[in-house]
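Trainee: Turn this into a model:
(chains A and B)
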There are 2 protein chains.
Amino acid sequence: MVFHFVNAEFMSAPKLSTEPYKGTRDFYPEDMFIQKYIFEIMRKTVEQYGYVEYDASILEETALYKAKSGSEIVDEQTYSFTDRGGRDITIRPEMTPTVARMVARKRKELAFPLRWYSIPNLFRYERPQRGRLREHWQLNVDVFGIESIDADVEAISVSYDIMKAFGAQDESFKIRLNNRKLINFLLHEYFKLNHEDAYKLSKLIDRKLKMKEEVFLEQSKEILGDRVQAFLDFLAAKTLDQLSPELQENDGIEQLRLLMEKLEKRNIKNVVFDPSLMRGFDYYTGPVFEVYDTSPTNNRSLFGGGRYDDLVGIFNVEKVPGIGFGMGDVTIRDYLETYELLPKYQSPTDLYICRLSADQSEFIEELSHTLRKNGLNVIADLSNRKLDSQIKSADKQGIPYIIVVGENEAKTKTFKLKNLQTRHEQEVTIENLPSIIKK
Amino acid sequence: MVFHFVNAEFMSAPKLSTEPYKGTRDFYPEDMFIQKYIFEIMRKTVEQYGYVEYDASILEETALYKAKSGSEIVDEQTYSFTDRGGRDITIRPEMTPTVARMVARKRKELAFPLRWYSIPNLFRYERPQRGRLREHWQLNVDVFGIESIDADVEAISVSYDIMKAFGAQDESFKIRLNNRKLINFLLHEYFKLNHEDAYKLSKLIDRKLKMKEEVFLEQSKEILGDRVQAFLDFLAAKTLDQLSPELQENDGIEQLRLLMEKLEKRNIKNVVFDPSLMRGFDYYTGPVFEVYDTSPTNNRSLFGGGRYDDLVGIFNVEKVPGIGFGMGDVTIRDYLETYELLPKYQSPTDLYICRLSADQSEFIEELSHTLRKNGLNVIADLSNRKLDSQIKSADKQGIPYIIVVGENEAKTKTFKLKNLQTRHEQEVTIENLPSIIKK
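Mentor: Numbers count the residues shown, from 1 in each chain, chains lettered A, B, ... in the order given. Down below sits the predicted model:
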């Protein structure tokens, strides 16, 4: 008897769950197929604009997130812990601090402007719900080193092009625009608030949609007193022209007008001004935008971004103007599902070779070797199962073609190639098999 | 003056490091290019054999690793912590427990045999050194559901084919083979050790190369007494025939003979028997193998794997035979560097459009749009820098082609296409530009 000395340990183990950790997902091959499709569309589109891919570790020192604003995230929502060497580390909740760190680290060697993208996974500790999980992947697209509004136009164009590359119709999504410069003008010049009140009011705008109307109104009044009506009028504006005259002349408005004009020229017409759009992060300094789903059943933000002209500055180096956006896989997948835009699973394997008996093993090995050399992805069945279950297993895996190899096929080197979807059969040889399947 | 209310927070931040977390790497576009090349070769090769990609979260409940053997890893080398909800979680140190969990979770729906692969990142808390970092990526290739030795042959063939696809010469690497069944036979039948001593001796074999010879000898003697010479003879065997006659007849030897014969028939000839090969993990139950670098300056293990027939059993479900291997990116990159097999950086961007003045913006936008639609990856320079620095920035990014657009080009719609490497110039039109560049 051969005793496996490991078993004893296995047997004594308590019953283990087979579920993934809460708020995370397993990607079985069919899920992975969708994930890869989504990433491929993202990669292809951004590379058309000359963006190049970078990556970094999922672990960063916690100080990186504390230095940046939006401290709520570090305190309540991150996976932070101390490593065995006493370092405070955090599993990244977003990619922007990392990319800012990387740019600061090599700013003297890099060829600005940079057009960079990445598709990292990110972690946030929160109650899992539709569209929000603890782990998600997020396309991050950033330009560093361009002050001109043309970079903002490009970022929004890239966003729009990704949506179109997924097959989205213009009617199914809108692009909301706002400008932090306009908000800053409103807070500091128009309302002349002190820093604390200005910060409070900006956070209030950001949370507006998540609050009851009367609570929003009450808290606004606390800050603004009887000027609250002017604030509500501001938020109600549907176009730039509807803003009060005192708000019509400032950098922020100028930029928004130019931006909308340039997008219109690019034939991007589903753009709207939204004075209440903040996009959370404190680090934005200029135009911000958000792509949202117009479907009545799934009406919500899909993704967005904006300009941050000071971010690299947290490393005490010269300013580098930046603009970027992040597009999460969970929300976009929901969107594509809603509009039935997800592709059907296709196996990367072209051909499944069934064998009638182990006598044909050697021949099948040579055959598969030749076919692989000629560009086919081939599974050779190594089991001694009945033909029936071999075919079933090919079919269940979504493999399009099979051949069955018995004594006769090994001798004549001709096969019946069967398409499992159409049930069509045809005679093939080793020579013409690859070209027939690739058609 | 527009005041950015964020700045105050930035200014007060302490000086932040721009370095990545210890033992992890930043992947700048040039590094990412290499990483993507390595992953692409891996993917292409395994997909030729019909393997399909899966993935999972980097976080798992710690219980998953405790249940499995090799508890040293959980105790000393993992990143384990408690989440805010009191769950014990671990950043995965290896992928095998995860894939076993996934297989157990859907074992009733899956079409066995499974041929699965993944390229996850893994974390181990250890002192960073050449070839060993805290974070690395690892190709994991597994077959589930095939008992026949043909699956072992396939796993080794896939390993061999990946090496060849990287451009490796047969002389530059060897494949070491051993069998846990032979080791088990040696420990339990030949030496008739009790479980504790058997386990100790197996761990001793595994650490042999990391120990001083006299320490190894001393500890072996403690277990084996005067039978230690038979043990040393066993370890010294260079071929199966050199083993003592009592060790010649058992399942393990039979399998090894058959395996070597089948690999020989597949023209894989750099295979050697190595009686001291253990491959660490306790869960292996059959043949194990290891690919190692024969270079005198870098002589060490590159990667390996083996058969584990009981792993899914930790979830208290029926056994599923498995065989797999893991190939890390750090070691393989070192190997490719040693043999000068790494490709030179190539930008994914085809063309850089320089503009002489902002007057051409609109024309350039249309031009880039058309070229992108025709399959080119195009950067339109949005800066108002001098032509010189525009060209320099294209060159520094490794972009192969540029055109310069001024008033004249916008009018005639013909351009001088310049290859930045060869310095060759030619006249092109919007229509023939894509086909010329793609050549």
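Trainee: continuing past the helix or strand harbouring A:Phe303, what's the next helix or strand?
Mentor: Per DSSP states H and E, A:Phe303 falls inside strand A:301-308. Remark: after strand A:301-308, the chain's next helix or strand is strand A:322-328, criterion DSSP H and E.
Trainee: what about that following strand, average pLDDT?
Mentor: On average, the pLDDT along strand A:322-328 is 96.
Trainee: what does stretch A:272-292 give?
Mentor: 91.
Trainee: what about it, start to end distance?
Mentor: Its start and end residues considered, stretch A:272-292 measures 11 Å (CA to CA, to the nearest Å).
Trainee: cool, stretch A:232-246 as well?
Mentor: 15 Å.
Trainee: so where's the stretch 1-150 of chain A uncertain?
Mentor: A:1-14, A:68-75 (pLDDT under 70).
Trainee: can you give me the helices in it?
Mentor: A:7-11, A:29-48, A:63-67, A:71-72, A:96-105, A:150-165 (DSSP state H, counting those that start in this stretch).
Trainee: now these in a markdown table, with distance to B:Phe112 and mean neighbour count?
Mentor: The C-beta positions use only the backbone N, C-alpha and C, and glycine is treated the same way. Output for those, formatted as a markdown table (distance: least, CB to CB, whole Å; neighbours: other CB atoms under 10 Å in any protein chain shown):
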| stretch | distance to B:Phe112 | mean neighbour count |
| --- | --- | --- |
| helix A:7-11 | 21 | 14 |
| helix A:29-48 | 13 | 19 |
| helix A:63-67 | 44 | 21 |
| helix A:71-72 | 48 | 12 |
| helix A:96-105 | 40 | 23 |
| helix A:150-165 | 36 | 23 |
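Trainee: need these in a markdown table with distance to A:Tyr345, can you?
Mentor: Supplementary listing: the helices of the stretch 1-150 of chain A in a markdown table, determined by distance: least, CB to CB, whole Å:
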| stretch | distance to A:Tyr345 |
| --- | --- |
| helix A:7-11 | 34 |
| helix A:29-48 | 5 |
| helix A:63-67 | 38 |
| helix A:71-72 | 40 |
| helix A:96-105 | 33 |
| helix A:150-165 | 20 |
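Trainee: okay if I get these as TSV plus distance to chain B?
Mentor: Listed next are the helices of the stretch 1-150 of chain A as TSV, based on distance: least, CB to the nearest CB, whole Å:
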stretch	distance to chain B
helix A:7-11	5
helix A:29-48	4
helix A:63-67	4
helix A:71-72	8
helix A:96-105	4
helix A:150-165	4
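Trainee: Show me how chain A divides into domains.
Mentor: Under automatic domain parsing, the residue ranges defining each domain of chain A are A:29-338, A:351-438.
Trainee: deepest of the ones you listed, which one?
Mentor: domain A:29-338 (a mean of 19; mean count of other CB atoms under 10 Å in any protein chain shown).
Trainee: Strand partners (parallel or antiparallel) of the strand holding A:Phe303?
Mentor: Strand pairing for strand A:301-308, determined by DSSP bridges: strand A:287-293 (antiparallel), strand A:322-328 (antiparallel).
Trainee: Which residues outside it are in contact with it?
Mentor: With contact meaning CB atoms under 8 Å, 6 or more residues apart in numbering or on different chains, strand A:301-308 is reached by A:96, A:141, A:151-152, A:155, A:159, A:173, A:176, A:180, A:277, A:279, A:281, A:283-293, A:321-328, A:331-332, A:335.
Trainee: give me that answer again for 7 Å
Mentor: Strand A:301-308 is contacted from outside by A:152, A:155, A:173, A:279, A:283-293, A:322-328, A:331-332, A:335, using CB atoms under 7 Å, 6 or more residues apart in numbering or on different chains.
Trainee: The closest residue to A:Leu341 other than its chain neighbours: what secondary structure?
Mentor: With sequence-adjacent residues excluded and distances taken as CB to CB, 6 or more residues apart in numbering or on different chains, A:Leu341 is closest to A:Gly167, at 4.6 Å. Of the three states, A:Gly167 takes coil according to DSSP: H, G, I helix; E, B strand; the rest coil.
Trainee: in which helix or strand would I find the closest residue to chain B within the stretch 151-300 of chain A?
Mentor: Residue of the stretch 151-300 of chain A nearest chain B, by CB to the nearest CB: A:Asp282 (4.6 Å). Element membership for A:Asp282, per DSSP H and E: none, as it lies in no helix or strand.
Trainee: what sits against the residue nearest to A:Met32 when sequence neighbours are not counted?
Mentor: Computed as CB to CB, 6+ apart, the closest residue to A:Met32 that is not its neighbour in sequence is B:Glu53, at 5.0 Å. Neighbouring residues of B:Glu53 by CB under 7 Å, 6+ apart: A:29, A:32, B:117-118.
Trainee: Is the biggest strand by length in chain A positioned near chain B?
Mentor: Longest strand of chain A, by residue count under DSSP state E: strand A:135-144. Yes - if you take CB under 7 Å from any CB of the partner chain as the test, strand A:135-144 does meet chain B, through A:Glu135.
Trainee: Can you tell me the strand partners of that strand and which way each runs?
Mentor: Partners of strand A:135-144 in its sheet, by DSSP bridges: strand A:114-118 (antiparallel), strand A:121-123 (antiparallel), strand A:322-328 (antiparallel).
Trainee: Of the ones you listed, which is nearest B:Ile205?
Mentor: Closest to B:Ile205 of those is strand A:121-123 (CB to CB; 38.3 Å).
Trainee: Just give me how far that closest one sits from the chain centre.
Mentor: Distance of strand A:121-123 from the chain centroid (CA atoms, centre = their mean, to the nearest Å) equals 10 Å.
Trainee: so the residue in the stretch 201-350 of chain A positioned nearest to chain B is in which element?
Mentor: Going by CB to the nearest CB, chain B is nearest to A:Thr349 of the stretch 201-350 of chain A, at 4.2 Å. A:Thr349 belongs to no helix or strand when elements are defined using DSSP H and E.
Trainee: A:Pro348 versus the nearest residue to it once chain neighbours are set aside, what's the distance?
Mentor: Spatial nearest neighbour of A:Thr349, excluding adjacent residues (CB to CB, 6+ apart): B:Gly50 at 4.2 Å. According to CB to CB, to the nearest Å, B:Gly50 stands 8 Å off from A:Pro348.
Trainee: residues shared between the contacts of these two?
Mentor: A:Asn377.
Trainee: that older thread, could you dump the contacts of B:Glu53 into CSV with distance to B:Ile223 added?
Mentor: Below are the contacts of B:Glu53 laid out as CSV (distance: CB to CB, whole Å):
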residue, distance to B:Ile223
A:Pro29, 45
A:Met32, 46
B:Tyr117, 39
B:Ser118, 38
